[in-house]
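Enquirer: A predicted structure for the sequence below; I have some questions about it.
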Amino acid sequence: MNQDDQDILQTLIKGGLLGAGLTALLKQGDADGEDLTIGAILGAVAVAAHQASQRAERTDIPILVQKGDSLYWKEKNGKMTFFKKLPSGKHSSPPKFTLS
């Protein structure tokens with residue numbers, strides 16, 4: 001395993017621990033195994049996404065960012081170029097649903 005792989009693995013573990021800890025805190029000590037597992041996964045995903053975003057900003061490749069209801073290309077120098085307007089936020093999803 002090379003250094004980048006080790007860094008990624010360490011980041012995922014840290015994010016998982018952070019997510020599980022926050023879940024236990026939010027559930028006030030009443031979290032079961034499923035809650036902690038979901039919290040760990042969400043924590044790992046959030047930390048990995050943040051790290052990927054930071055790495056992308058260090059490259060010469062523009063990244064896509066959302067501002068309001070529009071998408072922009074953001075250059076390394078901070079210049080923003082309009083890309084596309086997003087569709088309206090009207091969704092047909094129900095306000096509540098049950099996972100099974």
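Expert: Perfect, thanks for sending it. The structure presented is a predicted model; accordingly, all values stated were derived computationally and were not measured.

Enquirer: Flag the shaky bits of the protein, pLDDT-wise.
Expert: Within the chain, the ranges that satisfy pLDDT under 70 run 89, 91-92, 100.

Enquirer: need the strands for it, in chain order.
Expert: According to DSSP state E, the chain carries its strands in the segments 63-67, 70-74, 80-85.

Enquirer: looking at the ones you listed, which is buried most?
Expert: Comparing these by mean neighbour count (mean count of other CB atoms under 10 Å), strand 70-74 ranks first with a mean of 15. (C-beta placed from N, C-alpha, C; glycine too.)

Enquirer: So what touches stretch 35-53?
Expert: For stretch 35-53, the surrounding residues in contact (CB atoms under 8 Å, 6 or more residues apart in numbering) are 8, 11-24, 27, 31, 63.

Enquirer: for the strands of the chain, which one sits closest to residue 96?
Expert: Nearest to residue 96 among the strands of the chain is strand 63-67; the distance by CB to CB comes to 26.2 Å.

Enquirer: And this structure, what are its domain boundaries?
Expert: Annotated domains of the chain cover 1-57, 61-88 [automatic domain parsing].

Enquirer: what about residue 55, how many neighbours?
Expert: Residue 55 has 9 neighbours, counted by other CB atoms under 10 Å.

Enquirer: how much space between it and residue 30?
Expert: 37 Å (CB to CB, to the nearest Å).

Enquirer: With residue 10 instead?
Expert: Counting by CB to CB, the gap from residue 10 to residue 30 is 30 Å.

Enquirer: Same question for residue 99.
Expert: Distance from residue 99 to residue 30, by CB to CB: 19 Å.
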